[in-house]
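Undergrad: only geometry, no sequence info:
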């Protein structure tokens with residue numbers, strides 16, 4: 001039984017459990033934190049600290065952004081925990097409108113605010129007693145990868161940038177995965193979104209769509225099945241997200257170009273980690289081609305997009321690379 005099913009019918013007790021920090025083991029402690037972004041939305045995070053940290057010293061810190069329609073208790077929290085085990089202070093946070101963070105209406109995607117949340121996390125870390133503000137890095141996973149790249153282009157406090165299985169959500173909404181959506185279909189989608197906004201403004205029910213299907217069929221691709229296995233089973237499902245979001249969010253997402261200024265991140269370093277079999281690999285390849293030095297595209301043999309979320313065979317390789325990258329550059 002998954003967490004969301006297990007908590008069903010438990011009322012207030014379920015609510016308390018749903019927002020409890022994960023159990024990080026005996027090497028790390030976790031603190032629940034909140035901080036305001038520039039537009040005064042309260043952002044919720046889990047701050048992972050090495051258990052035997054010397055509180056008289058200052059340490060490098062890494063802010064970790066979650067996947068599209070994900071929450072901090074999933075792969076971003078896992079990576080924050082593993083980074084803390086390696087000696088870093090790591091902050092996994094819920095984006096505005098998602099999970100435990102504030103913002104209304106719920107489960108909408110606002111790219112500008114998602115980018116702002118990364119800078120707000122840097123605000124928080126820069127003022128933390130245990131953090132050296134000159135040694136703050138960023139890690140974005142899946143959709144979080146595009147957002148951290150965009151944030152780093154305008155926030156020089158982010159000294160090193162890494163992504164895992166990065167998704168360019170703007171290109172994906174404009175052109176579909178693999179650039180399979182023609183221009184005419186995109187225009188029809190925007191026509192529909194305009195109609196929905198008109199209807200929803202006058203009080204009609206909001207139209208949502210799922211980031212991951214609620215069920216799979218024999219016709220679904222391996223990629224879809226992998227996302228389903230991650231988000232819809234006890235492997236990673238969580239009460240704070242069912243991956244649904246407002247369909248009207250797709251219009252501002254189409255207007256998001258995360259790599260527009262990527263070359264200006266230089267001379268701060270960029271690391272793109274991808275799986276050899278990832279259908280999303282071309283997003284990282286595109287970003288790598290547009291970025292200025294220093295930059296690196298690190299390919300993990302045999303891995304898919306979702307494999308890099310939590311499969312030890314592959315995350316052991318990506319975490320070793322992250323440790324090498326951040327220890328050198330922070």
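TA: Alright, I've got the coordinates. Source: prediction; values computed, not measured.
Undergrad: who's in contact with stretch 47-58?
TA: With C-beta atoms under 8 Å, 6 or more residues apart in numbering as the test, stretch 47-58 has contacts from 24, 26-33, 59, 80-81, 83-85, 87-92, 129-132. No exception for glycine: its C-beta is placed from N, CA and C like everyone else's.
Undergrad: any idea how far it is from the chain center?
TA: Centroid displacement of stretch 47-58 relative to its chain, using C-alpha atoms, centre = their mean, to the nearest Å, is 24 Å.
Undergrad: can you pull the buried residues of it?
TA: By neighbour count on 16 or more other C-beta atoms under 10 Å, the buried set for stretch 47-58 is 47, 48, 49, 50, 58.
Undergrad: what about the helices in the stretch 151-300 of the chain?
TA: Along the stretch 151-300 of the chain, the stretches classed as helices by DSSP state H, counting those that start in this stretch are 169-175, 183-201, 222-231, 250-254, 281-290.
Undergrad: related to what we said a few turns ago, filter the contacts of stretch 47-58 down to the buried ones.
TA: Buried members of those, counted by 16+ other C-beta under 10 Å: 24, 28-30, 33, 59, 80-81, 83-85, 88-92, 130-132.
Undergrad: Skipping adjacent residues, who's closest to residue 317 in space?
TA: residue 300 (5.2 Å; C-beta to C-beta, 6 or more residues apart in numbering).
Undergrad: Mind pulling the model confidence for that neighbour?
TA: Model confidence at residue 300, given as pLDDT, is 98.
Undergrad: Which residues are in contact with it?
TA: Applying C-beta under 8 Å, 6+ apart to residue 300 gives the contacts 273, 274, 275, 276, 307, 308, 314, 317, 318.
Undergrad: mind running it again at 7 Å?
TA: Shown in contact with residue 300 (C-beta atoms under 7 Å, 6 or more residues apart in numbering): 273, 275, 276, 308, 314, 317, 318.
Undergrad: Okay, now the unreliable bits of the stretch 51-200 of the chain?
TA: Counting by pLDDT under 70, the stretch 51-200 of the chain has no low-confidence residues at all.
Undergrad: Would you give the sheet partners of the helix or strand residue 46 falls within, along with the direction of each?
TA: Using DSSP states H and E, residue 46 maps to strand 42-50. If you go by DSSP bridges, strand 42-50 pairs up with strand 28-36 (antiparallel), strand 89-93 (antiparallel).
Undergrad: Just give me the closest of the buried residues of stretch 47-58 to residue 322.
TA: Closest to residue 322 out of the buried residues of stretch 47-58 is residue 48 (13.9 Å), distances taken as C-beta to C-beta.
Undergrad: Let me know the pLDDT of that closest one.
TA: At residue 48, the pLDDT recorded in the model is 98.
Undergrad: For it, which non-adjacent residue is closest in space?
TA: Nearest non-adjacent residue to residue 48, counting by C-beta to C-beta, 6+ apart: residue 84, 3.7 Å away.
Undergrad: name the helices or strands packed onto the host helix or strand of the one you found?
TA: Counting by DSSP H and E, the element that carries residue 84 is helix 75-85. In terms of contacts (3 or more C-beta pairs under 7 Å, 6 or more residues apart in numbering; DSSP states H and E), helix 75-85 is packed against strand 28-36, strand 42-50, strand 59-65, strand 89-93, strand 131-141, helix 307-310.
Undergrad: Which residues outside that helix are in contact with it?
TA: So helix 75-85 is contacted by 22, 24, 27-28, 46, 48-50, 62, 64-67, 70, 90-92, 139, 141, 144, 309-310, 319, 322 (C-beta under 7 Å, 6+ apart).
Undergrad: Now with 8 Å, please.
TA: Helix 75-85 has contacts (C-beta under 8 Å, 6+ apart) with 22, 24-25, 27-28, 30, 46, 48-50, 62, 64-67, 70, 72, 90-93, 139, 141-142, 144, 164, 236, 309-310, 315, 319, 322-323, 326.
Undergrad: Against residue 283, how distant is the closest residue to residue 174 other than its chain neighbours?
TA: Closest residue to residue 174 apart from its sequence neighbours, by C-beta to C-beta, 6+ apart: residue 254 at 4.8 Å. Distance of residue 254 to residue 283, given as C-beta to C-beta, to the nearest Å: 15 Å.
Undergrad: okay, the two: which has more neighbours?
TA: Under the criterion of other C-beta atoms under 10 Å, the comparison of residue 254 against residue 283 puts residue 283 first, with 27 against 20.
Undergrad: wait, what's in contact with the spatially closest residue to the more buried one that is not a sequence neighbour?
TA: Among residues not flanking residue 283 along the chain, residue 168 sits closest, at 4.4 Å (C-beta to C-beta, 6+ apart). Counting by C-beta under 8 Å, 6+ apart, residue 168 makes contact with 146, 258, 259, 283, 286, 287.
Undergrad: can you give me phi and psi for residue 168?
TA: For residue 168, the backbone dihedrals (degrees, to the nearest 10) come out as phi -90, psi 100.
Undergrad: ok, it to residue 146 distance?
TA: Residue 168 is 5 Å from residue 146, by C-beta to C-beta.
Undergrad: now residue 150, nearest residue through space, not along the chain?
TA: Leaving aside its sequence neighbours, residue 150 sits nearest to residue 258 (C-beta to C-beta, 6+ apart; 4.2 Å).
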